[in-house]
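Peer 1: following is a predicted model, sequence given first.
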Amino acid sequence: MTVLTPTQVDRILAEEALSGSALGAELREQFGAEALAKGVVRIEATTVLWAATAAKPVELATRTYAEDGDVWAVWETPQPDPCRDILALGGRRAMRQLGDTDVYVHVATLPNFSATAYRFETGGRRFGDNWVVVEHFEPECECLPNPNVLKGTVTEYGPVGSDVFRGTLRGYWLYVPAQYDPDGDPAALMVFQDGGMYLSPQAPVPTVFDNLIAAGEMPVTVGLFVNPGSFPEREGRFQNRIEEYHDRTDAYARFLRDEMIPRVEEHVHVREDAAGRAIAGLSSGAVCAFNAAWQMPELFSKVLLHCGSFTNIHGAHNMWAEVRMTERKPLRIWQQDGTNDIDDVCGNWWLANQELAAALRFRGYDAHADWGRGFHSLAHGGATLPSALRWLWRPI
């Protein structure tokens with residue numbers, strides 16, 4: 001089955017390249033009857049596709065909040081349940097029925113760096129209340145697979161327990177570059193918190209590693225992608241994430257040193273010197289990455305921070321003050337954040353990251369700030385990942 005993107009659906013509708021009934025059947029197969037009954041949204045760059053099934057005509061009610069709009073303050077990024085009084089002020093449009101099917105669609109191009117509250121309405125029934133956030137960054141060329149470049153392997157392991165974080169289980173992945181020679185020199189190592197997120201299309205670390213290693217712009221590097229811990233007897237995923245990632249002691253660094261890196265060594269040989277090791281994370285994972293390197297600079301010398309949650313969550317807002325009051329440590333740090341990051345009761349993420357950047361400058365760190373207009377996601381950081389890795393691994 002060919003997966004239809006929003007822009008492809010828009011073109012098909014404009015050119016009538018397929019009959020409405022045929023397009024409806026393809027979308028039903030692609031999304032599934034259960035998902036369509038609840039309402040589906042898909043984003044491609046700044047083009048958005050809404051699709052739903054119903055026995056009666058469907059209207060789409062929306063309200064778009066542009067970055068420079070006068071209603072930004074009522075939106076705390078993101079709200080899963082938009083307020084109905086806000087939605088009632090929005091636009092309303094009839095969705096297009098596809099032939100004689102019960103599938104209805106609407107395709108629109110929205111402003112970049114905007115948020116749209118939406119819901120579906122049919123026969124007095126309302127459903128699918130949600131938000132769609134548009135933030136598009138053109139990815140650097142090394143984010144895309146190169147057929148002329150050797151590809152490394154990604155292997156999934158786990159779940160595994162922990163002595164440091166007792167009672168938890170977690171999975172992890174190991175990327176081994178094609179250039180790794182088990183009889184040669186040990187490889188460099190880079191550890192990613194919220195590991196599964198760094199294997200997604202938004203932040204395709206293995207592809208970027210493949211391209212940069214082949215170009216000689218970073219050393220032969222093994223990637224360790226670690227998920228937060230979960231308690232198998234509790235509902236939900238990664239219930240121990242905040243406790244692990246916002247712990248201000250050396251617990252997480254010890255967990256990596258004593259438990260996870262030895263597991264890596266069961267499969268590949270990695271360097272033991274801090275210059276050959278890096279650590280990365282998003283949001284609370286960025287707090288975790290920074291703290292692990294801060295606690296054990298002899299373990300990691302390079303730090304990659306995406307949208308760090310250096311706000312009042314278990315005291316993470318104190319980190320920038322600690323940086324100012326402590327002699328410089330041998331760390332190289334790349335920071336990324338955007339003006340549309342979270343602003344809530346715990347603090348303002350954009351301001352908190354600027355405070356940390358200012359503290360790093362004050363202490364004379366080898367640090368780089370990659371600022372943009374993005375939200376709390378890997379969209380920006382994933383698109384500029386090649387530049388970040390090239391800068392972090394550059395020769396001293």
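Peer 2: Yep, that arrived.

Peer 1: sec struct for the residue located most distally from the centre of the chain, please.
Peer 2: Here the chain reaches farthest from its C-alpha mean at residue 100, the gap being 39.2 Å by C-alpha atoms, centre = their mean. Following DSSP: H, G, I helix; E, B strand; the rest coil, residue 100 is assigned to coil.

Peer 1: grab the nearest non-local neighbour of it.
Peer 2: residue 21 (5.6 Å; C-beta to C-beta, 6 or more residues apart in numbering). From N, CA and C alone the C-beta is placed, and that goes for glycine too.

Peer 1: am I right that the one you found sits in a helix?
Peer 2: Yes: per three-state DSSP, residue 21 lies within a helix segment.

Peer 1: surely residue 57 is within a helix?
Peer 2: No: with three-state DSSP as the criterion, residue 57 is located in coil rather than a helix.

Peer 1: surely it meets residue 97?
Peer 2: Yes: contact criterion C-beta atoms under 8 Å: residue 57 and residue 97 qualify, at 6.8 Å.

Peer 1: settle it for me: which of the two has more neighbours?
Peer 2: More neighbours surround residue 97 than the other of residue 57 and residue 97, with 16 against 13 (other C-beta atoms under 10 Å).

Peer 1: tell me which residues in stretch 107-124 are buried?
Peer 2: 107-108, 110, 113-122 (16 or more other C-beta atoms under 10 Å).

Peer 1: got it, and stretch 210-229?
Peer 2: Going by 16+ other C-beta under 10 Å, stretch 210-229 has these buried residues: 210-214, 218-229.

Peer 1: what of stretch 228-246?
Peer 2: For stretch 228-246, using 16+ other C-beta under 10 Å, the buried residues are 228, 229, 230, 238, 240, 241, 242, 244, 245, 246.

Peer 1: what distance do you get for the nearest residue to the fifth one once chain neighbours are set aside to residue 167?
Peer 2: In space, and not counting its chain neighbours, residue 240 is closest to residue 229: 3.9 Å by C-beta to C-beta, 6+ apart. As for residue 229, its distance to residue 167 is 8 Å (criterion: C-beta to C-beta, to the nearest Å).

Peer 1: what's the answer for residue 134, then?
Peer 2: 40 Å.

Peer 1: which of those two has more neighbours?
Peer 2: Set residue 134 next to residue 167 and count neighbours by other C-beta under 10 Å: residue 134 wins out with 20 against 13.

Peer 1: what's the closest non-adjacent residue to the more buried one?
Peer 2: Residue 134 sits nearest to residue 110 (C-beta to C-beta, 6+ apart), 4.8 Å away.

Peer 1: can you pull out the strands in the stretch 201-350 of the chain?
Peer 2: Assigned by DSSP state E, counting those that start in this stretch, the stretch 201-350 of the chain shows strands spanning 221-226, 277-282, 302-306, 332-338, 343-344, 347-348.

Peer 1: now the helix or strand residue 173 falls within: buried residues?
Peer 2: In this structure, residue 173 sits in strand 170-176 according to DSSP states H and E. By neighbour count with 16+ other C-beta under 10 Å, strand 170-176 contains the buried residues 170, 172, 173, 174, 175, 176.

Peer 1: give the next helix or strand downstream of it.
Peer 2: Following strand 170-176 toward the C-terminus (DSSP H and E): strand 188-193.

Peer 1: which helices and strands does that following strand pack with?
Peer 2: Under the contact criterion of 3 or more C-beta pairs under 8 Å, 6 or more residues apart in numbering; DSSP states H and E, strand 188-193 touches strand 221-226, strand 277-282, helix 284-295.

Peer 1: mean pLDDT and distance to residue 348 for the ones you listed - can I get that in JSON lines?
Peer 2: Listed next are the helices and strands packed on strand 188-193 as JSON lines, based on pLDDT from 0 to 100; distance: least, C-beta to C-beta, whole Å:
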{"stretch": "strand 221-226", "mean pLDDT": "98", "distance to residue 348": "29"}
{"stretch": "strand 277-282", "mean pLDDT": "98", "distance to residue 348": "18"}
{"stretch": "helix 284-295", "mean pLDDT": "98", "distance to residue 348": "15"}
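
Peer 1: relative to residue 252, which of the ones you listed is closest?
Peer 2: When these are compared by C-beta to C-beta, helix 284-295 sits nearest residue 252, at 5.2 Å.

Peer 1: buried residues in that closest one, which are they?
Peer 2: Going by neighbour count (16+ other C-beta under 10 Å), the buried part of helix 284-295 is 284, 285, 286, 287, 288, 289, 290, 291, 292, 293, 294, 295.

Peer 1: what's the fourth one in contact with, if anything?
Peer 2: Going by C-beta atoms under 8 Å, 6 or more residues apart in numbering, residue 287 touches 245, 246, 281, 308, 309, 310, 313, 316, 319.

Peer 1: now these as TSV including distance to residue 202?
Peer 2: Below are these laid out as TSV (distance: C-beta to C-beta, whole Å):
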residue	distance to residue 202
245	20
246	23
281	15
308	17
309	18
310	22
313	23
316	24
319	26
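
Peer 1: from those, pick the one nearest residue 189.
Peer 2: residue 281 (15.0 Å).

Peer 1: show me what that closest one is bridged to.
Peer 2: residue 305 (DSSP bridges).

Peer 1: gap between it and residue 180?
Peer 2: Residue 281 is 24 Å from residue 180, by C-beta to C-beta.

Peer 1: next: residue 387.
Peer 2: Distance of residue 387 to residue 180, given as C-beta to C-beta: 24 Å.

Peer 1: which one of these two has more residues nearby?
Peer 2: Under the criterion of other C-beta under 10 Å, the comparison of residue 387 against residue 180 puts residue 180 first, with 20 against 16.

Peer 1: my guess is the more buried one meets residue 186, correct?
Peer 2: No: using C-beta under 8 Å, residue 180 is not in contact with residue 186; the gap is 9.4 Å.

Peer 1: pLDDT score assigned to the residue nearest to residue 240?
Peer 2: According to the prediction, residue 229 has pLDDT 96.

Peer 1: hey, where'd the helices end up in the chain?
Peer 2: 6-15, 20-31, 33-38, 84-87, 205-214, 241-245, 251-255, 261-265, 284-295, 319-325, 349-362, 379-383, 385-392 (DSSP state H).

Peer 1: of all those helices, which one comes closest to residue 193?
Peer 2: Proximity to residue 193 (C-beta to C-beta) singles out helix 284-295 among these, at 3.4 Å.
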